[in-house]
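K.L.:
Need a 3D model of the sequence below.
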Amino acid sequence: MSRYAAEAEARMKGITFPAWHGKHYVTLAELLVRLGSFGLDLTWRVEFDEIVDPRCTEMERRSAESGMDTLTLLSLTTPFLRLIDAEACGFAGDELVVVLTEFDSSLWDVRAVDERVLSDLRRRYPGTKDL
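P.N.:
Numbering: from 1, shown residues only. You can find the predicted model right below:
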């Protein structure tokens, strides 16, 4: 999907899990919160294959500029925003450290340089598998 996908795949470990857990849909906002302190100081760039909400246009605009901080991205993804084919890339300075990829409102792939992030998500979301 993004120009960062190959870099993420080469440098990071990853997991995948269902976006739906019963009637609960795991949103991008929820994942940002689950990143905790790891994600707080990152700069985000978000890409969409399908624009499903006016907020997506604003996220793309900010991504094309210098990116956005975590709290700005969180404010644009709440309340409930369900995405179709989107990717959020988190950077610490110039280094890509986390990639959150949503496929067809049904699966999340998460790649990160910090294994603790993946371990926390494995515990939280049933059905998680390693990529």
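K.L.:
going forward, measure contacts and count neighbours with C-alpha atoms only.
P.N.:
Noted.
K.L.:
Buried residues, the host helix or strand of residue 39. List them.
P.N.:
Element membership for residue 39, per DSSP states H and E: helix 37-40. Within helix 37-40, the residues scored as buried using 16 or more other Cα atoms under 10 Å are 38-39.
K.L.:
which other helices and strands contact the longest strand seen in the chain?
P.N.:
Longest strand in the chain, counting residues (DSSP state E): strand 95-103. Identification of packing neighbours for strand 95-103 by 3 or more Cα pairs under 8 Å, 6 or more residues apart in numbering; DSSP states H and E yields helix 5-11, strand 86-92, strand 107-112.
K.L.:
Show me what counts as buried in stretch 83-102.
P.N.:
So stretch 83-102, judged by 16+ other Cα under 10 Å, has buried residues 83-91, 96-102.
K.L.:
beta partners of residue 107?
P.N.:
residue 18, residue 103 (DSSP bridges).
K.L.:
which of the helices and strands packed on strand 95-103 has the lowest average pLDDT?
P.N.:
Here the helices and strands packed on strand 95-103 differ in mean pLDDT, and the lowest is helix 5-11 at a mean of 70.
K.L.:
For residue 118, give me the backbone phi and psi.
P.N.:
phi -70, psi -40 (degrees, to the nearest 10).
K.L.:
In this structure it contacts residue 16, no?
P.N.:
No. Using Cα atoms under 8 Å as the test, residue 118 is too far from residue 16 to be in contact (9.8 Å).
K.L.:
which residues do those two both contact?
P.N.:
Both residue 118 and residue 16 are contacted by residue 110, under the criterion Cα atoms under 8 Å, 6 or more residues apart in numbering.
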